[in-house]
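**Q** I'd like to go over a predicted model; first the sequence, then the structure.
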Amino acid sequence: MSQEQTLSLVIPARDEQTNIASLLTEAFDVMQDYRGFEVVLVDDGSSDQTLDTALGAAQAASGRLVTVRHERSIGQSGALATGIRHASGRLIVTMDGDGQNDPADIPALLQKANTILAPDFCIAGYRKKRKDTAWKRFQSRLANRVRNALLHDGVPDTGCGLKLFPRDTFLKLPWFDHGHRFIPALVKAIGGEIRVVEVNHRPRNGGVSKYNAWNRTWAGMLDLVGVMWLLRRTRVPVISRILNSQAV
C-alpha cells in the first residue's frame, strides 16, 4: 500500500447516537474498495451512546475505525484537530457527525484532488441545495457573502463539513476554536490551491444541532476579524537554496 493511497475520514461527533451508525455504514460501503481507508471518530464528550454505537457499526461493516473520546466537549474545531492528529492517512476528508453530509460524495472529492499538483490544497464541499430551514439558509448565505467579500477565499459555503486536504497541509495551519470554518482561507494564505465541489445535503434525521443564531453570528464576527488580522500577518517563505555542509 503506497502512502499516496491512504485516506482518513475524520468525524467529530457529540450526542449523535441516532445518526452515527448509518453514517459509518454508508462510509464503509462507499469506500470498501479504497485501500488504506479508515474512519477516525472523535467523541467530543457525548452524554449518550455515540461511541458504543459507532464501534458496533464499524464491527458490523468490518471497517477500520479509530476512536478518540474527549472527557469534556471542546467544540467541533478542537475535535477535528484531535482526529486529524490521530489519523494515519496522507489525505484527510472531514464530515459532520449528524448525517447531513453524504459519504457518496467522497469519490468526487478524491477525483478533484487527483487533478491538483500543488502540495497544499483544500477541496471544499458546496451544499447548493441545503436541507435546512429557510432562516438557517438565509443566515448561511449572508455569512458566506460577508466572509468571502473580506477574505476572498473563493468558497461559497465554508460551513460545509465535507472537505478534503492533505494531512500535512492541515498541520501547517494555525488553529483555534471555530477554525474549521476558515480552512480554505488559511490554506490559501500559505499558498495552497482551493477547489469547490458541489455535494449532496440531507435533512437531519435525529438529534439536535449544536449551533444557534447567537453562537453562529457573534462567534463568527469575532473570528472573522481575527482571521483577517492573521492573514495580513502571514508570510510564506520562498526557499531558493538549502546547504548542509556536513552532508557533503
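**A** In hand now; what should we look at?
**Q** so the residue nearest the centre of the chain bridges to which residues?
**A** Nearest to the mean C-alpha position of the chain, counting by C-alpha atoms, centre = their mean, stands Thr94 at 3.3 Å. For Thr94, the beta-bridge partners are Val10, Lys163 (DSSP bridges).
**Q** what residues does it make contact with?
**A** When contacts are counted by C-beta atoms under 8 Å, 6 or more residues apart in numbering, Thr94 touches 9-11, 80, 161-164, 180. C-beta coordinates here come from the backbone N, C-alpha and C atoms, glycine included.
**Q** list the contacts of Gly179.
**A** 77, 81, 173, 186, 223.
**Q** before we move on, the earlier item: how about the contacts of Thr94 in CSV, adding neighbour count and pLDDT?
**A** As requested, those are arranged in CSV below (neighbours: other C-beta atoms under 10 Å; pLDDT from 0 to 100):
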residue, neighbour count, pLDDT
Leu9, 28, 98
Val10, 29, 98
Ile11, 27, 98
Leu80, 25, 97
Gly161, 22, 94
Leu162, 26, 97
Lys163, 26, 97
Leu164, 25, 98
His180, 22, 91
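**Q** what is the nearest of those to Ile242?
**A** Leu164 (30.2 Å; C-beta to C-beta).
**Q** so that closest one touches Arg90, yeah?
**A** No: using C-beta atoms under 8 Å, Leu164 is not in contact with Arg90, being 11.3 Å away.
**Q** neighbours around Pro156, how many?
**A** A count of nearby residues for Pro156, using other C-beta atoms under 10 Å, gives 17.
**Q** same deal with the one 3 residues further on?
**A** Here the number of neighbours of Gly159 (other C-beta under 10 Å) works out to 19.
**Q** not counting sequence-adjacent ones, nearest residue to Arg202?
**A** Spatially, and ignoring its direct neighbours in sequence, Arg202 is nearest to Gln100 (5.1 Å; C-beta to C-beta, 6 or more residues apart in numbering).
**Q** and the one you found, how far from Ser209?
**A** Gln100 sits at a distance of 9 Å from Ser209 (criterion: C-beta to C-beta, to the nearest Å).
**Q** count the residues that sit near Lys128.
**A** Counted with other C-beta under 10 Å, Lys128 comes out at 11.
**Q** just put the contacts of Thr94 in CSV and tack on distance to Arg69.
**A** As requested, the contacts of Thr94 are arranged in CSV below (distance: C-beta to C-beta, whole Å):
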residue, distance to Arg69
Leu9, 17
Val10, 14
Ile11, 13
Leu80, 15
Gly161, 20
Leu162, 23
Lys163, 23
Leu164, 25
His180, 19
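**Q** closest one to Pro119 out of these, please.
**A** For the contacts of Thr94, the residue nearest Pro119 by C-beta to C-beta is Leu164; the value is 14.4 Å.
**Q** who touches that closest one in this structure?
**A** Listed by C-beta under 8 Å, 6+ apart, the contact set of Leu164 reads 91-94, 106, 109-110, 112-113, 122-123.
**Q** for those residues, which single residue is the most surrounded?
**A** Using other C-beta under 10 Å as the neighbour criterion, Val93 leads these with 29 neighbours.
**Q** apart from its neighbours in sequence, what residue is nearest it?
**A** Setting aside the residues directly before and after it, Val93 is nearest to Leu164 in space (C-beta to C-beta, 6+ apart), at 4.5 Å.
**Q** ranges for the helices of this structure?
**A** Taking DSSP state H, the helices of the chain run over residues 20-30, 50-61, 76-86, 106-113, 134-151, 167-172, 183-189, 213-233.
**Q** quick one: low-confidence ranges for this protein?
**A** Where the chain drops to pLDDT under 70, the residues are 1-5, 210-219, 247-248.
**Q** how about a cut-off of 90?
**A** Applying pLDDT under 90 to the chain picks out residues 1-5, 35-36, 128-154, 158-159, 176-178, 181, 203-227, 230-248.
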